[in-house]
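Asks: what shape does this take:
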Amino acid sequence: MKLLILGGTEFVGRAIAEDALARGWEVTVFHRGKKPSPPGTTTLHGDRTAPDGLAALADGSWDLVVDTWSAAPAVVRESARLLASRTAHYTYISSRSVYTYPTPAQLDETGAVVDSAPGLTGEVPYAEAKRGGELAVVESFGDRALLARAGLIIGPYENIGRLPWWLNRIARGGPVLAPGPRDLPLQYIDARDLAAWTLDAAEAGLSGAYNVISAPGHTTMGGLLDACVAATGSSAELRWTDPEPILEAGIEPWTQLPIWIPQGELHEMIHQGNVSKVLAAGLRCRPVEETVADTWTWLRSRGGEAPQRPDRPTVGLDPEVEAKVLEG
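Replies: Numbering: from 1, shown residues only. Below you'll find the predicted structure:
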């Protein structure tokens, strides 16, 4: 198979490139050239936001295209239009954020989505950007378009910082503020499992929207943090704390305590999505212990410092704030 990845140097894009290479596919990555391409790929350079930024894609044909773009959907529209006659199938890595909020538990792919348009330019909110990107791909590819609506993504190469923060924090040892309840169910996808399913589905010609994420409760907050302790070999002491004193201290779920969201509307949106369609289509998710251990191995290879996307806020909790809550 001949695969073109629009992106391909970081996190999900890199996981897709590596999976495709392992299959023996011919992989071309198109990006701005600010990060190195995965070894074994063919590189084309261009800035999708610049005039004539797609010039390097003027020639050539591919079996599959995967696009990870997260900003103004007009950029996706231009790429899809350019490639529609020279590519058999187009996969857009979208997000479950496209559903209107509040998103009830067990919402499937037929749920209401935010208003957007494929031609939006400039600064576009994330949900509208992803929905507009979906519309842009469908506009040019129709039933040759696959919309992979991912949820929380973790694993090696993460450039958001959520799991890396927990690993580094637990590796430091000492008492750790562990946000409860311990059995709080989590729903997420390892980037490598997202990559494997995406390529299988694209090769099979699947189309339409899929919620690509594990089953709710694939692990729990306790399972995740226990895996961090085991992977790091730390002597850290997890101090499980009810949500109330954490919230009363002004600590922000999701950002200051990454991944964690107390039960309620937002938890239902992030960690309780319906995945019956994607499971029937072959999604397989590895154990949390493997995801955590592999992420720690990768993180140590970088000296403990994870890459940080410039368009996303830095996550994590100030040690002094943590200590104050633990002192109670």
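Asks: what residue is smack in the middle of the chain?
Replies: For the chain, the residue nearest the mean C-alpha position is residue 153 (3.5 Å; C-alpha atoms, centre = their mean).
Asks: how close does that residue sit to residue 178?
Replies: Applying C-beta to C-beta, to the nearest Å, the value for residue 153 to residue 178 is 22 Å. To be clear about C-beta, it is placed using only N, CA and C from the backbone, and glycine gets the same treatment.
Asks: measure the residue nearest to the centre of the chain to residue 276 for me?
Replies: Between residue 153 and residue 276 the computed distance is 20 Å (C-beta to C-beta).
Asks: now residue 169. Its backbone dihedrals?
Replies: Note on residue 169: its backbone torsions stand at phi -60, psi -50 [degrees, to the nearest 10].
Asks: quick check: closest non-adjacent residue to it.
Replies: Residue nearest to residue 169 in three dimensions, not counting chain neighbours: residue 176, with 6.4 Å by C-beta to C-beta, 6 or more residues apart in numbering.
Asks: A helix includes that neighbour, no?
Replies: No - with DSSP: H, G, I helix; E, B strand; the rest coil as the criterion, residue 176 is strand rather than part of a helix.
Asks: doesn't residue 238 make contact with it?
Replies: Yes - Residue 176 sits in contact with residue 238 when judged by C-beta atoms under 8 Å, with a separation of 5.4 Å.
Asks: ok, for residue 267, nearest residue in space, not its chain neighbours?
Replies: Spatial nearest neighbour of residue 267, chain neighbours left out: residue 261 (4.6 Å); criterion: C-beta to C-beta, 6+ apart.
Asks: actually, residue 272.
Replies: Leaving aside its chain neighbours, residue 272 sits nearest to residue 105 (3.8 Å; criterion: C-beta to C-beta, 6+ apart).
Asks: which element is the one you found on?
Replies: Using DSSP states H and E, no element contains residue 105; it sits outside every helix and strand.
Asks: looks like it contacts residue 265 (just checking).
Replies: No - taking contacts as C-beta under 8 Å, residue 105 lies outside contact range of residue 265: 9.4 Å.
Asks: can I get the longest helix along the chain in PDB, CA atoms only?
Replies: Longest helix of the chain, by residue count under DSSP state H: helix 126-141. Taking Å, rounded to 0.1, in the frame of the first residue of the first chain, the C-alpha atoms of helix 126-141 are listed here in PDB:
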ATOM      1  CA  TYR A 126     -11.000  23.000  18.600                       C
ATOM      2  CA  ALA A 127     -14.400  21.300  18.300                       C
ATOM      3  CA  GLU A 128     -15.400  23.400  15.400                       C
ATOM      4  CA  ALA A 129     -12.100  22.900  13.700                       C
ATOM      5  CA  LYS A 130     -12.300  19.100  13.900                       C
ATOM      6  CA  ARG A 131     -15.900  19.100  12.700                       C
ATOM      7  CA  GLY A 132     -15.100  21.400   9.900                       C
ATOM      8  CA  GLY A 133     -12.200  19.100   8.900                       C
ATOM      9  CA  GLU A 134     -14.700  16.200   8.800                       C
ATOM     10  CA  LEU A 135     -17.000  18.100   6.500                       C
ATOM     11  CA  ALA A 136     -14.100  19.100   4.300                       C
ATOM     12  CA  VAL A 137     -13.000  15.500   3.800                       C
ATOM     13  CA  VAL A 138     -16.500  14.300   3.100                       C
ATOM     14  CA  GLU A 139     -17.100  17.100   0.700                       C
ATOM     15  CA  SER A 140     -14.400  15.800  -1.600                       C
ATOM     16  CA  PHE A 141     -14.200  12.100  -0.800                       C
END
